[in-house]
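*Asks:* my questions are about this predicted structure, shown below with the sequence.
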Amino acid sequence: MKRHLIAAGATLLMSAASAQAEGIKIAPAGSTPTMIGATENFSGQVSVDIKAAGDSGKPGSVGLVNFMPGARTAWHTHPVGQLLIVTDGKGWVQEEGQPRREIKAGDVVWIEAGVNHWHGAAKDNRMSHYAVAYVKDGKSTDWKELVSDDQYNAR
């Protein structure tokens, strides 16, 4: 009898662990391809790794974006805003009509919905950040024109 109770308890625990494991999805490192930033949305050498585990269906996207020195996004806006978490290097972010601002590893940047802006690496440094963009009506980003060298180099 005791042996049957132990076996039943072990089966119950294994079933519970199995059910919990099904609620966690892990995307192994390197399981998603690295994409080169589209030339209509980025200037310079930029790579993007979309970070997702499973088919979450959540209203947003997360990407690890790596900018080589001088590389940057085009001007763009987000319908719900964007969160940047700088993980390495030094770069710049600029809101249209405002001076560019330095960002560096450890900085967290929130960009309000509808704010026209760009971000990227500083002239002599590379920069990496996680970019979290939220989706509204099926869209997370409204891309605009490329940032010119004059705009990029202006202080």
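*Replies:* Arrived safely.
*Asks:* next one: residue 83 relative to residue 110, how far apart?
*Replies:* Going from residue 83 to residue 110 by C-beta to C-beta, to the nearest Å gives 6 Å. C-beta coordinates here come from the backbone N, C-alpha and C atoms, glycine included.
*Asks:* cool, and residue 146?
*Replies:* Following C-beta to C-beta, the distance that separates residue 146 from residue 110 is 24 Å.
*Asks:* same question, residue 123
*Replies:* Counting by C-beta to C-beta - residue 123 and residue 110 are separated by 25 Å.
*Asks:* more neighbours, residue 146 and residue 110?
*Replies:* residue 146 (18 against 10; other C-beta atoms under 10 Å).
*Asks:* I'd like to know how many residues surround the closest residue to residue 82 other than its chain neighbours.
*Replies:* Counting by C-beta to C-beta, 6 or more residues apart in numbering, residue 111 is the residue found nearest to residue 82 once chain neighbours are left out, at 4.5 Å. By other C-beta under 10 Å, 20 other residues sit near residue 111.
*Asks:* immediately after the lengthiest strand in the chain, which helix or strand?
*Replies:* For the chain, the longest strand by residue count, based on DSSP state E, is strand 82-95. Downstream of strand 82-95, the next assigned helix or strand under DSSP states H and E is strand 101-104.
*Asks:* need the helix or strand of this protein with the lowest average pLDDT.
*Replies:* Among the helices and strands of the chain, helix 2-22 carries the lowest confidence by mean pLDDT, DSSP states H and E, at a mean of 47.
*Asks:* ok, then the element right after it?
*Replies:* strand 35-36.
*Asks:* got a list of contacts for that following strand?
*Replies:* 46-50 (C-beta atoms under 8 Å, 6 or more residues apart in numbering).
*Asks:* in the sheet, which strands lie alongside that strand, parallel or antiparallel?
*Replies:* Partner strands and pairing direction for strand 35-36 (DSSP bridges) are strand 46-50 (antiparallel).
*Asks:* buried ones in the partner strand?
*Replies:* Residues of strand 46-50 classed as buried by neighbour count (16 or more other C-beta atoms under 10 Å): 46-49.
*Asks:* repeat that for stretch 107-116.
*Replies:* 107, 109, 111.
*Asks:* and what of stretch 65-73?
*Replies:* 65-67, 69-73.
*Asks:* how about those in CSV, adding pLDDT?
*Replies:* CSV is the format used below for the buried residues of stretch 65-73 (pLDDT from 0 to 100):
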residue, pLDDT
65, 98
66, 98
67, 98
69, 98
70, 98
71, 98
72, 98
73, 98
